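Q: Fold the following and give me the result.
(2 chains)
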Amino acid sequence: MTDKRIDEILGAEEALVPTSGFLASVMERVREEAAAPPPIPFPWKRAVPGLVVAAGVFGWAAVEFARRMGPAMATMKLPAAPVHLAAGASGPLEQAGWVVAAAAVSMISWVLARRMAS
Amino acid sequence: MNTTAHNEAGPPTTNDASSGTPTRADADLADVERVLAGEVGAFEGIVRRWQAPLVNMAWRYCRDRGRAEELAQEAFVRAWRGLATWRKESSFSTWLFALAANVYRNELKRFPTVTLAMEDIAEPAREADQLTKIEERSHCEVVRRAVLALPKRYREPVVLFYFHDQDVAAAARTMGLPEGTLKARLSRARELLRRRFPKLGNGQAGSSVAGAGTEGGA
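A: The predicted structure is shown next:
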């Protein structure tokens, strides 16, 4: 098929005439929209103090949790890790564990947020 | 009938000062100002003038009459909501077509139309010059439907290029793409169609954009 033929076929499209009720149905929807009360804005003024308090509580809880669990985890032995690795890498391993946990929490919250949005 | 959708409604025109006749652009501007001043009924003039182009444009996106009217209605409602965002730098039609294309693209992404894969579309067994009138019509429709089976990035340039009477600049404005990109995508789309339907048409290439479609980079 040549370009000319493509132009002939795709350029020669019969025009549709909208149905007789189309204009009326569009205007009906537009009038509904016009009559509807404006959307209620999110109450940021009321929400901000609550959000700040919640963030503070979560932050404090995270710090407190880390502070209490830190020594307990430091005393835990890593049976699977080879001795030469455990000696040198217990610090980095512990940090990696926290990074993985944080990434998992982020991932879960992201998935939940997407589900709630859709 | 061999007219495209917006021809029926007529292209946007400039002010005809000599005759003093209000043009479509003037009427659009006046109606938009009345709507923004709070006169809801003035939107009817806009719908009346642009209903045929928008329904026909939607038809080319989905080839389903009922769906086309739903999509066009949604586009008008979005236009109503966003009327204040038209900055009058471009013509009202340019703004409306771009908005409608955006609505159609997003709505069809959410609820796609059922289309065949390119390789599942049957090709006519005979050469184009051996077809009867009925076969010819039916094969033209097959090619039009095949446009919807093109990969997404090539489909919309084809739809808009032919909707805009093969005007690359208008199609590029509606899509918000540089003209060169649109030409390159058109060229690729034509290549895919040519490859899929080698028997349809046996003349030499010589279309208005055959050359244009092969130049310009994406």
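
Q: What segments of chain A are helices?
A: A:3-11, A:22-35, A:44-75, A:83-117 (DSSP state H).

Q: scratch that, chain B
A: Using DSSP H, helices in chain B cover B:5-9, B:24-36, B:43-62, B:65-81, B:92-110, B:133-148, B:152-163, B:168-175, B:179-196.

Q: List the buried residues of stretch A:36-54.
A: Residues of stretch A:36-54 classed as buried: none (neighbour count, 16 or more other Cβ atoms under 10 Å in any protein chain shown). Just so you know, the C-beta spots here come from the backbone N, C-alpha and C atoms, and that holds for glycine as well.

Q: picking that back up, do you know which of the helices of chain B lies nearest A:Ala101?
A: Of all the helices of chain B, helix B:92-110 sits nearest to A:Ala101, with 35.6 Å by Cβ to Cβ.

Q: which helices and strands sit right next to that closest one?
A: helix B:24-36, helix B:43-62, helix B:65-81, helix B:152-163, helix B:168-175 (3 or more Cβ pairs under 8 Å, 6 or more residues apart in numbering or on different chains; DSSP states H and E).

Q: what does it contact?
A: For helix B:92-110, contacts defined as Cβ atoms under 8 Å, 6 or more residues apart in numbering or on different chains pick out B:6, B:11-12, B:24-25, B:28-29, B:32, B:50, B:53-54, B:57-58, B:61-62, B:71-72, B:74-75, B:78-79, B:82, B:86, B:156, B:160, B:170, B:173-176.

Q: repeat that for 7 Å
A: Identification of contacts with helix B:92-110 by Cβ atoms under 7 Å, 6 or more residues apart in numbering or on different chains yields B:12, B:25, B:28-29, B:32, B:50, B:54, B:57-58, B:61-62, B:71, B:74-75, B:78-79, B:82, B:86, B:156, B:160, B:173-176.

Q: remind me which residues of chain B are low pLDDT?
A: Within chain B, the segments meeting pLDDT under 70 span B:1-22, B:114-132, B:199-218.

Q: how does it divide into domains?
A: As assigned by automatic domain parsing, chain B contains the domains B:1-114, B:115-218.

Q: Can you add mean neighbour count and give these back as JSON lines?
A: Written out in JSON lines, the entries for the domains of chain B read as follows (neighbours: other Cβ atoms under 10 Å in any protein chain shown):
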{"stretch": "domain B:1-114", "mean neighbour count": "17"}
{"stretch": "domain B:115-218", "mean neighbour count": "17"}
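
Q: Which residues of chain A lie near chain B?
A: A:1-7, A:9-19, A:22-23, A:25-27, A:29-31, A:33-34 (Cβ under 7 Å from any Cβ of the partner chain).

Q: One more pass at 10 Å, please.
A: Counting by Cβ under 10 Å from any Cβ of the partner chain, chain A comes close to chain B at A:1-19, A:21-35.

Q: For PyMOL, write a command that selects the buried ones of those.
A: Selecting only the buried entries of these in PyMOL, with 16+ other Cβ under 10 Å as the criterion:
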select buried, chain A and resi 1+2+3+4+5+6+7+8+9+10+11+13+15+16+18+22+25+26+27+30
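
Q: of the helices of chain A, which approaches B:Arg145 most closely?
A: Minimum separation from B:Arg145 across the helices of chain A (Cβ to Cβ) falls at helix A:3-11, 11.1 Å.

Q: Counting by contacts, list what the closest one packs against.
A: If you count contacts as 3 or more Cβ pairs under 10 Å, 6 or more residues apart in numbering or on different chains; DSSP states H and E, helix A:3-11 packs onto helix B:133-148, helix B:152-163, helix B:179-196.

Q: could those be laid out in TSV, adding distance to chain A?
A: Shown next, in TSV, are the helices and strands packed on helix A:3-11 (distance: least, Cβ to the nearest Cβ, whole Å):
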stretch	distance to chain A
helix B:133-148	5
helix B:152-163	4
helix B:179-196	5
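
Q: Minimum distance to A:Arg46: which of the ones you listed has it?
A: helix B:152-163 (43.5 Å).

Q: now that closest one against helix A:3-11, angle please.
A: Put simply, helix B:152-163 runs at 80 degrees to helix A:3-11, going by axes from the mean of the first three to the mean of the last three Cα atoms, to 10 degrees.
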